[in-house]
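**Student:** for reference, the sequence and a predicted model appear below.
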Amino acid sequence: MHIVVGVKQAFDVDQIKIDPHTFEPIYDGLLKLDDLSKNALEEAVRIKESFGGKITVITLDGEKIGEAVKEALAIGGDEAKVVSSGGKFLDTASTAYVLAEVIKSLERVDLILFGHASIDSYTGQVGPRVAEILGLPVVTYVREIKLEDGSVIAIRDLEDCLEEVWVRLPCVLTVTNEINEPRLPSLSQILGARKKPVEEKSLSDLGLDAESDIKVIYNRAPKIERKRKIYKEDLDRAVYEIVSELTKEGVI
Amino acid sequence: MNILVFSENDDVVKELLSGFRDLKGSDKVTLFTYSDSDFTGFADKVVKSSFPEDIRLEDHAVSTLSELGKEEGFDLIAVGSTRRGKEIAPRVAQRLGFPCVTDVIGVYLDTDLEVERYSLSGRTIAREKILRIPAVLSVMPRTFEITIGNESPEVIERFGEAGEYVARVIGRRKKEKSGVELEKAEIVIGLGRGIGGKEGIEKAMKLKEVLGGEIGSTRPVAYDYGWLPEETMIGLSGKRTKPSLYIAIGVSGQIQHMTGVMNARRIVAINKDENAPIFEYADYGIVGEWRDVLPKLIEAFRNR
Ligand SMILES: Cc1cc2nc3c(=O)[nH]c(=O)nc-3n(C[C@H](O)[C@H](O)[C@H](O)COP(=O)(O)OP(=O)(O)OC[C@H]3O[C@@H](n4cnc5c(N)ncnc54)[C@H](O)[C@@H]3O)c2cc1C
């Protein structure tokens, strides 16, 4: 079983501060292994534990081999293929192109896993696009994976129903955050990850010049003023004042 | 602009048709649908189809939308951003070589095609210009209001195999419907892990009795512990609400949850940890145990 997991080094959305004047996010190098990538990786590790095989982590990254790749290898990836963008912004179409090229260069792949979206840009486009490029079937929003001989039964978590889909391998699955609870790597796994093979390529190696059809005009926090009136003592007064304020404001 | 609309959800279809009809720069709006509903007053043209039960709706819709896109020269293909729609949009875009933006919450066609979408899990809103049309969008439900126009659509049927299908649907289990209508509720009481279980939930139900509204929840409550049905989860992977009042009890206030209540007019937070992020988003907050606060709050609302 050769499982490929697409992971992303994403902005840590909880840590990012908002500039109080421009309302723009202050990124400050706050990066981490994307949460949903972890879910995909965890699922791959579980499959490998039951069926054996190999896990290849693939990613498109900034300048160098980031912490995300190291963490992915610590969690259970056996090797990694990294394409560095040289700091360039790539849109989802280019990202999918790059990852599909990497997958094409690998030996026989059985299963390709992604998170259904990444925690920072949350477009959800990469998995489905990669599947289209490779001409493989794709099943999105998968909450449970049951592997059978040469095929998969995937249970999808949709708004109004759980949908059970049978699909043969190889295929692309994108998983939800609810599919599992990703494990934390142990210290020895973290140390061991350093010895795992990582192959690096650049965009030009793949013949891509990253022009995007989408231009971000601005990206900023909505201007919602909150009153932030916080009561720390005297519950009776707090409750009384809050209820009267809400009544006065016509909220209730 | 010549626009093609699709969603498997009829309400979302009507929102999209209403929204695109009224946008400056839109000329003709065609609907592709599997539904038997009447779209008089909404679409200029309706293309109807159907597919065998055991085939994935997404696979059939991707093939058909891609074919229609090629045949009829649409400038824009707009898909409802449900989970199904979020798979369909990028696949169609990839097949046709079009740019695509998902989870759009605002569309502007005046001169160029520009859209707004949430970014950073909902912490920011990005305005993006699409430099090349035709393009594909997935548009969030409730982006547009439903309004009835005077269209009397020409209806065309389009059947037959649209492509080869590898995947098979072998079962569908409807989720239990508890009748909770979080999206429309004026008051939402959101319960987090801090509510602790059955006892806390019952207390919160008392508050609901006095105040009206609906009960929502966070991920641990809905998925990890199952104290409330999954469909009550609010946030990035759950429901998006727009109440005039959101009362958060034992909710820490992580962005993935808050994104679903960001548009509440007032937010009240009850949390025993004064450093909980929820207080950053709150209009009014009480640092304390819900056990102490809830009875007083229920009392105060009752005597109001
Ligand atoms: C990709 C992704 C998508 C996600 N989507 C969602 C989503 O849609 N919805 C969602 O909710 N989450 C979502 N999450 C999870 C989210 O990040 C948080 O983990 C979750 O919202 C936390 O829930 P909580 O506030 O109930 O729990 P906790 O973070 O554990 O907070 C519990 C709070 O209760 C307080 N508390 C404890 N006891 C008491 C008491 N007796 N009285 C008063 N206060 C008390 C504590 O101080 C604490 O602040 C998502 C995460 C990811 C990575």
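**Tutor:** Arrived safely, thanks for sending.
**Student:** for the residue in the stretch 1-150 of chain B that the ligand sits nearest to, give me its contacts.
**Tutor:** Residue nearest to the ligand within the stretch 1-150 of chain B: B:Ser121 (7.2 Å; C-beta to the nearest ligand atom). C-beta: built from backbone N, CA, C; applies to glycine. Shown in contact with B:Ser121 (C-beta atoms under 8 Å, 6 or more residues apart in numbering or on different chains): A:Val13, A:Ile119, A:Asp120, A:Tyr122, B:Leu236, B:Ile255, B:Gln256, B:Thr259.
**Student:** got it, and A:Val83?
**Tutor:** Neighbour list for A:Val83: A:58-61, A:98-99, A:102, A:200-203, A:205-206 [criterion: C-beta under 8 Å, 6+ apart].
**Student:** element containing the residue in the stretch 151-252 of chain A that the ligand sits nearest to?
**Tutor:** The ligand sits closest to A:Asn177 of the stretch 151-252 of chain A, with a gap of 4.1 Å, by C-beta to the nearest ligand atom. When elements are assigned from DSSP states H and E, A:Asn177 belongs to no helix and no strand.
**Student:** just to revisit the earlier point, just the buried residues of the contacts of A:Val83.
**Tutor:** Among the contacts of A:Val83, those classed as buried by 16 or more other C-beta atoms under 10 Å in any protein chain shown are A:Ile58, A:Thr59, A:Leu60, A:Asp61, A:Val98, A:Leu99, A:Val102, A:Lys201, A:Leu203, A:Leu206.
**Student:** quickly list what the second one is bridged to.
**Tutor:** If I follow you right, that is A:Thr59. Beta bridges link A:Thr59 to A:Val7, A:Val82 when assigned by DSSP bridges.
**Student:** ok, now how distant is it from A:Ser118?
**Tutor:** 11 Å (C-beta to C-beta, to the nearest Å).
**Student:** cool, and the first one?
**Tutor:** Counting by C-beta to C-beta, the gap from A:Ile58 to A:Ser118 is 14 Å.
**Student:** restricted to helices, list the contacts of B:Ser121.
**Tutor:** In helices, judged by DSSP state H, the following of the contacts of B:Ser121 are found: B:Ile255, B:Gln256.
**Student:** restrict the contacts of B:Ser121 to those near the ligand?
**Tutor:** Among the contacts of B:Ser121, proximity to the ligand is found for A:Ile119, B:Leu236, B:Gln256 (C-beta under 6 Å from any ligand atom).
**Student:** the first one: neighbouring residues, count only.
**Tutor:** What it means is A:Ile119. A total of 25 residues lie near A:Ile119 under the criterion other C-beta atoms under 10 Å in any protein chain shown.
**Student:** in contact with it, which residues?
**Tutor:** For A:Ile119, counting by C-beta under 8 Å, 6+ apart, the contacting residues are A:Ala10, A:Phe11, A:Val13, A:Asp34, A:Asp35, A:Leu36, B:Ser121, B:Gln256.
**Student:** what's the spacing between the last one and B:Ser121?
**Tutor:** Put plainly, it is B:Gln256. Distance of B:Gln256 to B:Ser121, given as C-beta to C-beta: 6 Å.
**Student:** so for those two, which residues contact both of them?
**Tutor:** Common neighbours of B:Gln256 and B:Ser121 (C-beta under 8 Å, 6+ apart) are A:Ile119, B:Leu236.
**Student:** what's near enough to touch the residue nearest to the residue of the stretch 1-150 of chain B closest to the ligand when sequence neighbours are not counted?
**Tutor:** Using C-beta to C-beta, 6 or more residues apart in numbering or on different chains and skipping the chain neighbours, the partner closest in space to B:Ser121 is A:Val13 (4.4 Å). Taking C-beta under 8 Å, 6+ apart as the criterion, A:Val13 is in contact with A:Ile119, A:Asp120, B:Leu120, B:Ser121, B:Arg123, B:Ile255.
**Student:** doesn't B:Met262 make contact with the fifth one?
**Tutor:** In this case it means B:Arg123. No. Using C-beta atoms under 8 Å, B:Arg123 makes no contact with B:Met262, being 9.0 Å away.
**Student:** who's more crowded, these two?
**Tutor:** More crowded of B:Arg123 and B:Met262, by other C-beta under 10 Å: B:Arg123, with 23 against 20.
**Student:** least confident pick among the buried ones among the contacts of A:Val83?
**Tutor:** Across the buried ones among the contacts of A:Val83, the smallest pLDDT goes to A:Asp61, namely 83.
**Student:** wait, that residue sits on A:Val69?
**Tutor:** Yes. Counting by C-beta under 8 Å, A:Asp61 does reach A:Val69; the two are 6.8 Å apart.
**Student:** any shared contact partners between the two?
**Tutor:** What both A:Asp61 and A:Val69 touch, as defined by C-beta under 8 Å, 6+ apart, is the set A:Gln9, A:Val82.
**Student:** where along the stretch 1-150 of chain B do the strands fall?
**Tutor:** Along the stretch 1-150 of chain B, counting by DSSP state E, counting those that start in this stretch, strands occupy B:2-6, B:28-33, B:45-48, B:76-80, B:100-108, B:113-119, B:124-130, B:135-139.
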